[in-house]
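S.K.: here's my sequence, what's the structure:
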Amino acid sequence: MGLIEKLVAFLVKRSQKEHSVVIRTLATIFGAAIFIIGIPLFILWAGGLFNTGLMLPVLPARIIAAACFIAGIPCMLSAILWQLIYGKGTPVPVVPTKHFLQKGPYRYVRNPMMLGFFLYILGWAFLGDHPAAFAAVGLIIGLLTMEIKFLEEPELERRFGNAYLDYKKETSFLLPKCGCKRKKEAA
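M.R.: Numbering: from 1, shown residues only. Down below sits the predicted model:
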């Protein structure tokens, strides 16, 4: 068994364990600290490595950053709350949800929390206004997408079987599907 299969097996095993409210709360706070504070600080640090920024005009860069925050934060928070309340778990992989989530924010995309988080960190890159900040965002998005594809999705397939496989076929990975295609199919 390879490393990825071992990690998936570990996560599946962890999903069967009952976690107290205290453990779920601590895991959520720890995860939030890393994702909401730590990663943006890394992006700003990466952008600060170089003295030359993109030098976007300040107002447009701030407007784009604000738009990313306004779209991303509610998307991210609604997915987290849905995991805590309806999933009876957390966004942290070692304290996962107990229930399969396909309603609420999960009816539009399979990864609404990541969609919101990617917009959130893109907003920080616009505030940092450095090529390295955007490169850091690209690296983070790439790594997290690989984690979802190679660990999270195989784990969910093992835990929820055909229900997840059907959901995966019907619901897009990250960006909501355009209603145009559905209208054409209905016609």
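
S.K.: list the contacts for the residue nearest to His130 when sequence neighbours are not counted?
M.R.: Nearest residue to His130 in three dimensions, chain neighbours excluded: Gly47, at 3.2 Å (CB to CB, 6 or more residues apart in numbering). Using the backbone N, CA and C atoms, a C-beta is placed for each residue, glycine as well. Counting by CB atoms under 8 Å, 6 or more residues apart in numbering, Gly47 makes contact with Gly53, Ala125, Gly128, Asp129, His130, Pro131, Ala132, Ala133, Ala136.

S.K.: 6 Å - rerun?
M.R.: The contact partners of Gly47, taken as CB atoms under 6 Å, 6 or more residues apart in numbering, are Gly128, His130, Ala132, Ala133.

S.K.: let's verify the third one: helix, strand, or coil?
M.R.: Taking DSSP: H, G, I helix; E, B strand; the rest coil as the rule, one finds Ala132 in the helix state.

S.K.: neighbour-wise, which one of the contacts of Gly47 leads?
M.R.: Ala133 (28 neighbours; other CB atoms under 10 Å).

S.K.: doesn't Gly123 make contact with that one?
M.R.: No: shown here, Ala133 and Gly123 do not form a contact pair, counting by CB atoms under 6 Å, at 10.8 Å.

S.K.: what would the contacts of Gly47 look like in a markdown table with pLDDT and distance to Pro176?
M.R.: Listed next are the contacts of Gly47 as a markdown table, based on pLDDT from 0 to 100; distance: CB to CB, whole Å:
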| residue | pLDDT | distance to Pro176 |
| --- | --- | --- |
| Gly128 | 86 | 28 |
| His130 | 86 | 30 |
| Ala132 | 88 | 30 |
| Ala133 | 90 | 27 |
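
S.K.: show me which pair in those residues is furthest apart.
M.R.: Farthest-apart pair in the contacts of Gly47 is Gly128 and Ala132; separation 8.2 Å (CB to CB).

S.K.: quick one: least confident helix or strand in the protein?
M.R.: Least confident element among the helices and strands of the chain, by mean pLDDT, DSSP states H and E: helix 179-186 (a mean of 50).
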